[in-house]
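Student: Kindly return the folded structure for what I paste below:
(2 chains)
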Amino acid sequence: MEYPFRNVERKWQKFWEKNKTFKTDIDPNRPKFYVLDMFPYPSGAGLHVGHPLGYIASDIYARYKRLLGFNVLHPMGFDAYGLPAEQYAIQTGTHPAVTTEKNIKKYREQLIKLGFSFDWDREVMTCDPKYYKWTQWTFIQLFQSWYNNETRKAEPITNLVHIFEKEGNKNINASCTQENDFDADQWNSFSEQQQQNILMNYRLAYLSETWVNWCPELGTVLANDEVKDGFSERGGYLVERKKMKQWALRITAYAQRLLDGLEKIDWTDSIKEVQKNWIGRSEGAVVYFNIKGFEEKLEVFTTRPDTLFGATFMVLAPEHYLAEKITVKERKYEVSAYIKKAINRSERDRIADVKTITGVFTGAYGINPVNGKQIPIWIAEYVLAGYGTGAIMAVPAHDSRDFAFARYFDLPILQVVTKSKGITENIKDWEDAYDSKEGFMINSGFLDNLPVKEAITKTIRFLESKNAGYGEVNYRLRDAIFSRQRYWGEPFPIYYKDNIPYPLDESLLPLELPEVDKYLPTESGEPPLARARNWTSPDGYPLETSTMPGFAGSSGYYLRYMDPHNDEAYFSPEANQYWQNVDLYVGGDEHATGHLIYSRFWNKFLYDLGIACMDEPFQKLINQGKIQGRSNFVYRVNPEKYAEYLLWEKIKELGEADNVIKDYRDGHRKFDFFYKKANLIIEIKTQEKLKKLESFYKDYINKTNKKLLLLPAADIIEINNTVIQEIKQAIEKAEAGIIFDRHKIRQPKPLFVSYNIKDRKLFSTPLYVDINLVQNDILDIEKFRHWRPEFKDAVFILEDGKYVCGWEIEKMSKSKHNVQNPDDLIEKYGADTLRLYEMFLGPVEQSKPWDTNGIEGVFRFIKKLWRLFHDQDNKFSVTNEEPTDQELKTLHKTIRKVKEDIERFSFHTAVSAFMVCVNELTDLNCHKKKILEPLVILISSYAPHIAEELWEKLGYTESVSSARFPACEEKYLIEKTFEYPVSFNGKLRFKIELPLNLDSEKIKDIILSEKKSLKWIENKPVKKIIVVPGKIINVVI
RNA sequence: GCCCGGGUGGCGGAAUUGGUAGACGCGCUGGACUUAAAAUCCAGUGGUCAUUUGACCGUGCGGGUUCAAGUCCCGCCCCGGGUACCA
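Tutor: Numbers count the residues shown, from 1 in each chain, chains lettered A, B, ... in the order given. Purely as a prediction, here's the structure:
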């Protein structure tokens, strides 16, 4: 009777593996389709139920595309370098490669058990030298390239050298950090060292001394996207700012192209928005201010050049290179102290403390290029070194930060923009700056009366004509710090000769990760690779000791999948031409500012080299929602509180409440109950406490001459009636003293109260219970008793014979005991059920709590599907009868719906459609091959195992994945009649079945003469009748 | 503060172009089968009122457009996520 899912699933998983069913090769006769899941990092914990959500969706899509005749590339591999394995290595000495391999093995097994159609022959892992050879190779190409802003692409650095030799750098428009101009003669006279230093300012992978995010706890530098609120994203350790020499990738060169590319790809608006913000384009102008008494000019960036006349002071970031230099003698001490303090503050402190206004005056003055006015130059933390030029012109009237600063230090504020033409407002009354771009210029010389937008262009033209500035676009995006002072990563193919970095010859790749004695920095603070023996180039020059960051290996992996075993090239041109780029990419949106930017950059660079044929790597992106945990709680009774509660309830029940004081206070002492008339204190305590407090009670009674009845909590909870007797006797007793039968004390058993028991909150505390001991919020009491030794004798207060648990939605984590392991569910229900259920939960993109409460329904559906093909004795029984119209309609309706739903990634509604279909066919008692066979194909992308089994039983020897998706034939769906809902003034009153070929006029006549209509029309004039054929009829009265 | 999502039964969610709100599943209630349980099957299930026919209310709140609004427009409230001295 039952569907033997365990055997069936194992059987087909083996079949797919043995027959390499999902192995893909280039096939020029078939259109390609590339479906990719985001590269998983194999953590030690294995997959939890949240991970497969995206994998299931992409697998359904991949299988569906295959059924449509596409040649589908659907690979899987592992992002194997990473901190957790290395941290574990530091703690235990286990080589991270060992840990990683073990974790990958577990992941792979789990993925296979879910029945994914991966081409495992293409599996890659980033820590494999055959793989990272190409990561290193790409790094060398980046090192050997510069970005030409004229051609808007990367070009070989050798071209640049030729230009330098001929004409110097004057005519070069490059994305670079080179500040000084030189001509050909100068270049040719430079030493090798000087030339290399200059080239470093142009290279796309370059070494530079910059402020970096240093994480002392991890002993490494981190990229901006790896830092969240001043803490490392992995591990959550404090991050400091530190000036260090680091490898960086000139991703900023690609800022505009990364922005433009977003228009061409099919991603959600929210991810595009996040990337736009991260890139942070702003248009404005660079303005040069002369500094009184200095040669140097102060360069500022502003988005509001129109407000130049309103600039009343200037501010430098504490890190600004001129900050100390321009400071007047008598302020030197104060300024140095301020700078030192500001720089040493951690990122975290700065963030936490943005509201405090700090700053210091340098004593120097800048000269405003538009009017020659001298304005004071300040230094303040609110100006960031990393953005623009690290210096600003402050326009307090039209920028809230400048406004706040000016108010705090009492600096002049001058209005230059007004809402309505020519009206100057009283600035003293302002509470904030007027920073809108709507308005007209005042107090601005040649700009007066112009609207803001025109004033901006006019100012830029003015500045350019005076050589005092130029129009400029600025980006928030920073270059990506690319070195990590860690062991478990790709070594840089770089050696140092006279301290100048040179790339290794490509023939020496891969440069393999060496063995080290410890995974820690050296005593002198060098990275772990400095421990490696003979860590030198073949000529004996020292190799770079940093390693690459996690995003190095994951930035181009989708390209490697196209041709993963190629040792001659990253991938062959043929493979790239055929597979092009990823058509559907599925993964979490937490990669929006990391991986998804880096790989777009990486891809664009390879595109510039002519290696990748597509400009954008991922055409369509789906972000699966996160699966939150659903924790369950049991409520542990506090025996004292519960006993007090019970006794008080009893007292009330007996009508004695007026005679008893609850929570009786005598001076600073507190007791549970005091029975006034009998001068009797009743105190409920647990065994240990009774012992501890014995002498205290004696003292107290001696002093007060009261009666004290001591009751062990366990007694009240378990044997209520004898306790009442005891209390009665105590009341009647004449003499003072302690009444306590020490023979009776017992340790109360752990007691738990069900969720809906009255007043539960008063005497119990919630306790996480492992969700695997709970089903539909009902606790499995026996399992619970075995869960932990201390619950062995647990007792329960039930409701309706059951223990009902409480629940809450929160993060899935071990400590909350709400982690659902897919393996357990597969064991219980099978992979097909799990796949369907994860989809059935709701839209893939939406975050949702994990809740197994509904999985039984999906399991029932699978069994019901099986039963369509089998008789009562579980014998395969499918007939060759011709299907009825009704059956055909059900089938084709389902084909249409499922196809539509998969194509719009609405996987959950497709599952509903399957259920409706199987329900209908069951009702129709349909066991016909002509109906069931297409159904098997239809469902095979969702529930591949059962589909394969049924397909085989239907007589096929090849995998169902080689079948063709059935076509929906509209002719079976044409209806002759329709049950029209008839509304009166928009309110549905009744339904009427009418032929669909009736024209509107006839329908109107029918409705007006219909008996049921008369009731609603009631002799009132009918204004209008709206007939939407096949939809609705509305009568307006 | 700013920028994205989102708010529909007891729960997850459906309603694709403005056209029958609540598909499908869970849960719950009742019934059949069974010595019993499980499994399975059948019926019911938004709320309120009503003996029934049925009536009224109902998609976060308040307005509006329309013959017709969960869907469009205006104004708010709440929840989730991202982001922030970015000049």
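Student: rest of the way, CA atoms for contacts and neighbours
Tutor: Noted.
Student: how about the strands in the stretch 251-400 of chain A?
Tutor: With DSSP state E, counting those that start in this stretch as the criterion, the stretch 251-400 of chain A has strands at A:282-291, A:297-302, A:313-316, A:360-367, A:374-379, A:391-394.
Student: Any part of the first one near RNA strand B?
Tutor: Read it as strand A:282-291. Yes - counting by Cα under 7 Å from any atom of the strand, RNA strand B is contacted by strand A:282-291 at A:Ser282, A:Gly284.
Student: Name the SS class of A:Val516, please.
Tutor: Three-state assignment for A:Val516 (DSSP: H, G, I helix; E, B strand; the rest coil): coil.
Student: I figured it was touching A:Pro528, is that so?
Tutor: Yes - if you go by Cα atoms under 8 Å, A:Val516 and A:Pro528 touch, sitting 7.2 Å apart.
Student: So which of those two has more stuff around it?
Tutor: Between A:Val516 and A:Pro528, counted using other Cα atoms under 10 Å, the more crowded position is A:Pro528 (22 against 15).
Student: ok so, going back, now the strands of the stretch 251-400 of chain A in JSON lines, please, with extra columns for mean neighbour count.
Tutor: Shown next, in JSON lines, are the strands of the stretch 251-400 of chain A (neighbours: other Cα atoms under 10 Å):
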{"stretch": "strand A:282-291", "mean neighbour count": "21"}
{"stretch": "strand A:297-302", "mean neighbour count": "21"}
{"stretch": "strand A:313-316", "mean neighbour count": "26"}
{"stretch": "strand A:360-367", "mean neighbour count": "21"}
{"stretch": "strand A:374-379", "mean neighbour count": "22"}
{"stretch": "strand A:391-394", "mean neighbour count": "28"}
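Student: looking at those strands, which is closest to A:Thr894?
Tutor: Ranking the strands of the stretch 251-400 of chain A by proximity to A:Thr894 (Cα to Cα) places strand A:282-291 first, at 50.5 Å.
Student: Please compute how far the closest one lies from its chain's middle.
Tutor: For strand A:282-291, the separation from the chain centroid amounts to 38 Å (computed by Cα atoms, centre = their mean, to the nearest Å).
Student: what does it rub up against?
Tutor: Residues outside strand A:282-291 that contact it (Cα atoms under 8 Å, 6 or more residues apart in numbering): A:296-305, A:364-369, A:460, A:463, A:468-475.
Student: RNA strand B next: which of those residues are close?
Tutor: Among the contacts of strand A:282-291, RNA strand B is touched by A:Phe301, A:Thr302, A:Thr303, A:Arg304 when using Cα under 7 Å from any atom of the strand.
Student: The residues you listed into a markdown table, with extra columns for pLDDT?
Tutor: Shown next, in a markdown table, are these (pLDDT from 0 to 100):
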| residue | pLDDT |
| --- | --- |
| A:Phe301 | 93 |
| A:Thr302 | 93 |
| A:Thr303 | 91 |
| A:Arg304 | 92 |
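Student: Could you single out the nearest of the residues you listed to A:Asn566?
Tutor: A:Phe301 (47.9 Å).
Student: Bridged to the closest residue to the closest one other than its chain neighbours, which residues?
Tutor: In space, A:Phe301 comes closest to A:Val286 once its chain neighbours are excluded; the distance is 4.5 Å by Cα to Cα, 6 or more residues apart in numbering. Per DSSP bridges, the residues bridged to A:Val286 are A:Phe301, A:Tyr470.
Student: Quick one, grab the pLDDT at A:Val286.
Tutor: As predicted, A:Val286 sits at a pLDDT of 93.
Student: that older thread, with respect to A:Ile1003, which of the ones next to RNA strand B among the contacts of strand A:282-291 is nearest?
Tutor: The closest of those, once distances to A:Ile1003 are taken by Cα to Cα, is A:Thr303, at 64.9 Å.
Student: Go through stretch A:14-28 and flag the buried ones.
Tutor: A:Trp16, A:Glu17, A:Thr21, A:Phe22, A:Lys23, A:Thr24, A:Ile26 (16 or more other Cα atoms under 10 Å).
Student: typo on my end, stretch A:87-96
Tutor: Buried, per 16+ other Cα under 10 Å, within stretch A:87-96: A:Gln87, A:Ala89, A:His95, A:Pro96.
Student: Flag whichever of the residues you listed scores worst on pLDDT.
Tutor: Per-residue pLDDT puts A:Gln87 lowest of these, at 88.
Student: Would you verify that it is located in a helix?
Tutor: Yes - under three-state DSSP, A:Gln87 falls within a helix.
Student: Run through the residues that contact it.
Tutor: Counting by Cα under 8 Å, 6+ apart, there are no residues that A:Gln87 touches.
Student: How is A:Phe990 assigned, secondary-structure-wise?
Tutor: strand.
Student: Contacts for stretch A:845-857, please.
Tutor: So stretch A:845-857 is contacted by A:49-50, A:622-630, A:775-776, A:809-810, A:833-834, A:837, A:841-842 (Cα under 8 Å, 6+ apart).
Student: how long is that stretch end to end?
Tutor: Stretch A:845-857 has an end-to-end distance of 22 Å (Cα to Cα, to the nearest Å).
Student: Report whether that stretch contacts RNA strand B.
Tutor: Yes - against RNA strand B, stretch A:845-857 shows contacts by Cα under 7 Å from any atom of the strand at A:Gln846, A:Ser847, A:Lys848, A:Asn853, A:Gly854, A:Ile855, A:Glu856, A:Gly857.
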